[in-house]
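# build me a model from this:
(one chain, ligands or ions: 1)
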Amino acid sequence: AVAETLEGRHADGRVLEAAFGPGAEQLLDQAERLQIVACGTSYHAGLIARFWAETYAGLPCDVEVASEFRYRAHAVTPGTLVVVISQSGETADVLAALRESRRLGYAGVLAICNVPESSLVREADLTLLTRAGPEIGVASTKAFTTQLTALLLLVAAFARRRGRPQSEQELVRAAVQLPGALERAVAVEAQVAELAEQFVDRAHALFLGRGAHYPVALEGSLKLKEISYIHAEAYPAGELKHGPLALVDDGMPVVAVAPRDDLLDKLQSNLQEVRARGGRLFVFADDAAALRSTGGYQVLPVPAGPDPISPVIHTVPLQLLAYHVAVLRGTDVDKPRNLAKSVTV
Ligand code: F1P
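Okay, here's the model as predicted:
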């Protein structure tokens, strides 16, 4: 979809409706609220999409792990479209959530999936294929960035439908910049590889982020857990002082995902809390200059581009960090222990 947008064929985002298949117009028009369900990495994509849906389309949005969806009561509101995100389209909890949503009478199911012949694609009403190609490793990486791209364009389509053409244009313009911005993000790899050496002998790590970058922190910590087996947690930066600060000492590396706006207020004081306790602090920031002026921590500049795509771009260095830590620790990055490509039980 981004490629077609780049070619100028569908600058208004109409490519999405073409991609969804029959019945799309009606279901998208009727949607008054989104209920996103997914597991693992795909769930983190959903958390970012919630920010986009509410910010740019004014569309109320809930996000839930698929493994919990069927274990609670639902107050189903009319016009709630279920958006199911899954790389494989075979995750058992995801399929169970889809079927439960039908039983409960939700308005319809839109699938964001990478595998055209999957059970999820067969069972959904509408599908947006991410076309990322096969994931070679078990842990999702490119699936995540393509899911986010699909979700960004989906929100652009909703923004137009909900009378927000400027937001739609902002999202489409940002999406068009994604390929170049991702290439620039990958170029930080050498610096990240150097940084990885400071994690290799650690037992724990902490990731912090705010707003749409909190799910990015969650994804960074999940990747580190999945492929390097280091225990990692992610917290919204403001939650640090409500408990996890007790864990911070000179043995605890702390990664802060800190785009420019976040630096201006609260995050800055949270970072100082970490520093004061001797925690090793690494800040992935898109405005390194602002941080350098205060000093005391290692800054990795991330050229993040316009606001809507900043979470997508900030994900890449964290994926690279997990990768390089795993390589240094000698784990099998493609086939991590205890993890299946699709969890079908
Ligand atoms: C969900 C997921 C992945 C994770 C691993 C296990 O898969 O939790 O995020 O990396 O592969 O499954 P999916 O539903 O997106 O295929």
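# quick check: Asp332 is in a helix.
No: counting by DSSP: H, G, I helix; E, B strand; the rest coil, Asp332 falls outside a helix, being coil.
# okay, now it: neighbour count?
Asp332 has 11 neighbouring residues, counting by other Cβ atoms under 10 Å. Quick note: C-beta positions are derived from backbone N, CA and C, even for glycine.
# Phe282 in helix, strand or coil?
Following three-state DSSP, Phe282 is assigned to strand.
# settle this for me: it is touching Ala258, isn't it.
No: with contacts counted by Cβ atoms under 8 Å, Phe282 stays clear of Ala258, the gap being 10.1 Å.
# which parts of the stretch 1-150 of the chain sit against the ligand?
Cys39, Gly40, Thr41, Ser42, Ser86, Gln87, Ser88, Thr91, Val94, Val138, Ala139, Ser140 (Cβ under 6 Å from any ligand atom).
# how many residues are close by the nearest residue to Leu218 once chain neighbours are set aside?
Nearest residue to Leu218 in three dimensions, chain neighbours excluded: Ala234, at 4.3 Å (Cβ to Cβ, 6 or more residues apart in numbering). Using other Cβ under 10 Å, Ala234 has 25 neighbouring residues.
# tell me what the one helix or strand Ala234 maps to is packed against?
Using DSSP states H and E, Ala234 maps to strand 231-236. Packed against strand 231-236 by the contact rule (3 or more Cβ pairs under 8 Å, 6 or more residues apart in numbering; DSSP states H and E) you find strand 204-209, helix 213-228.
# out of these, which is closest to Glu54?
helix 213-228 (13.6 Å; Cβ to Cβ).
# indicate the residue of the stretch 101-250 of the chain located nearest to the ligand.
Closest residue of the stretch 101-250 of the chain to the ligand, Cβ to the nearest ligand atom: Ser140 (3.9 Å).
# need the pLDDT of the closest residue to that residue other than its chain neighbours.
Spatial nearest neighbour of Ser140, chain neighbours left out: Thr41 (3.9 Å); criterion: Cβ to Cβ, 6+ apart. Note on Thr41: pLDDT of 96.
# give the burial count for Thr41, as a bare number.
Close neighbours of Thr41, defined as other Cβ under 10 Å, add up to 23.
# the helix or strand where it lies packs against which elements?
Taking DSSP H and E as the criterion, Thr41 maps to helix 40-56. Helices and strands touching helix 40-56, by 3+ Cβ pairs under 8 Å, 6+ apart, are strand 33-38, strand 61-65, strand 80-86, helix 142-161, helix 165-176, helix 213-228, helix 310-329.
# and it, which residues are buried?
When neighbours are counted by 16 or more other Cβ atoms under 10 Å, the buried residues of helix 40-56 are found to be 40-53, 55-56.
# ok, back up a step: partners of the strand holding Ala234 in the sheet?
strand 204-209 (parallel) (DSSP bridges).
# list the buried residues for the partner strand?
Ala205, Leu206, Phe207, Leu208, Gly209.
# just checking: which of those residues also lie near the ligand?
Applying Cβ under 6 Å from any ligand atom to the buried residues of strand 204-209, none is adjacent to the ligand.
# how about the residues you listed in JSON lines, adding distance to Leu224 and pLDDT?
What follows is the buried residues of strand 204-209, written out as JSON lines (distance: Cβ to Cβ, whole Å; pLDDT from 0 to 100):
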{"residue": "Ala205", "distance to Leu224": "6", "pLDDT": "95"}
{"residue": "Leu206", "distance to Leu224": "10", "pLDDT": "95"}
{"residue": "Phe207", "distance to Leu224": "8", "pLDDT": "96"}
{"residue": "Leu208", "distance to Leu224": "14", "pLDDT": "93"}
{"residue": "Gly209", "distance to Leu224": "14", "pLDDT": "93"}
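# what's the most buried one of the helices and strands packed on helix 40-56?
Among the helices and strands packed on helix 40-56, ranked by average contacts under mean count of other Cβ atoms under 10 Å, first place goes to strand 80-86 (a mean of 28).
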